[in-house]
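*Asks:* How does the following fold in three dimensions:
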Amino acid sequence: MRALAVGLAAVALLAGCGGGSSPTQPAGSIKVTMTEFKFDPGDLSAPSGKVVFFLVNSGSTSHDLAIRDSSNNRLAVSELVSAGDASVFTVNNIAAGKYTIYCTQPGHESSGMKGTLTVT
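*Replies:* Now for the predicted structure:
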């Protein structure tokens with residue numbers, strides 16, 4: 001009986017440690033912190049080509065990061081990042097230009113969750 005209790009306690013402890021693990025920031029990536037309702041920093045710069053973003057959600061609701069060109073075309077959107085989580089978002093081929101970054105969740109962009117991405 002005691003062995004069963006010890007075994008169950010060990011399983012419970014391991015289950016508590018098995019939660020999702022957030023990725024670490026890749027070298028050379030652009031860190032963007034998301035909260036209600038802003039990106040920090042709000043103005044980003046990157047070289048053309050492959051761009052890697054490290055998204056950290058420090059807010060209390062889910063957020064994402066989308067990129068829109070000057071013709072209002074959505075070029076890319078990250079996965080939805082839950083509160084307290086982080087995600088790596090890679091855009092493989094982005095041309096030089098000025099873009100809008102924004103959160104696609106309802107009401108977030110209109111609440112101020114947007115910024116600029118300048119690609120050189």
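*Asks:* Only C-alpha atoms from now on, for both contacts and neighbour counts.
*Replies:* Fine.
*Asks:* buried ones in stretch 89-102?
*Replies:* Across stretch 89-102, burial judged by 16 or more other CA atoms under 10 Å covers 89, 94, 98-102.
*Asks:* Taking those residues, tell me the two that lie furthest apart.
*Replies:* Spatial extent of the buried residues of stretch 89-102 (CA to CA) is set by the pair Phe89 and Lys98 at 18.6 Å.
*Asks:* Quick check, Ile67 in contact with Val77.
*Replies:* Yes - in this structure Ile67 lies within contact range of Val77 using CA atoms under 8 Å: 6.3 Å.
*Asks:* Compare those two and say which is more crowded by neighbours.
*Replies:* Using other CA atoms under 10 Å as the criterion, Ile67 and Val77 rank with Ile67 on top: 22 against 18.
*Asks:* got the contact list for the more buried one?
*Replies:* Contacts for Ile67 (CA atoms under 8 Å, 6 or more residues apart in numbering) come out as 74-77, 99-102.
*Asks:* how about the residues you listed in TSV, adding distance to Val51 and pLDDT?
*Replies:* Formatted as TSV, the contacts of Ile67 follow (distance: CA to CA, whole Å; pLDDT from 0 to 100):
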residue	distance to Val51	pLDDT
Arg74	16	97
Leu75	13	97
Ala76	11	98
Val77	13	98
Tyr99	13	98
Thr100	15	98
Ile101	13	98
Tyr102	16	98
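*Asks:* Save those residues as CSV, and put in secondary structure and distance to Lys50 too.
*Replies:* What follows is the contacts of Ile67, written out as CSV (DSSP: H, G, I helix; E, B strand; the rest coil; distance: CA to CA, whole Å):
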residue, secondary structure, distance to Lys50
Arg74, strand, 17
Leu75, strand, 13
Ala76, strand, 12
Val77, strand, 14
Tyr99, strand, 15
Thr100, strand, 17
Ile101, strand, 16
Tyr102, strand, 19
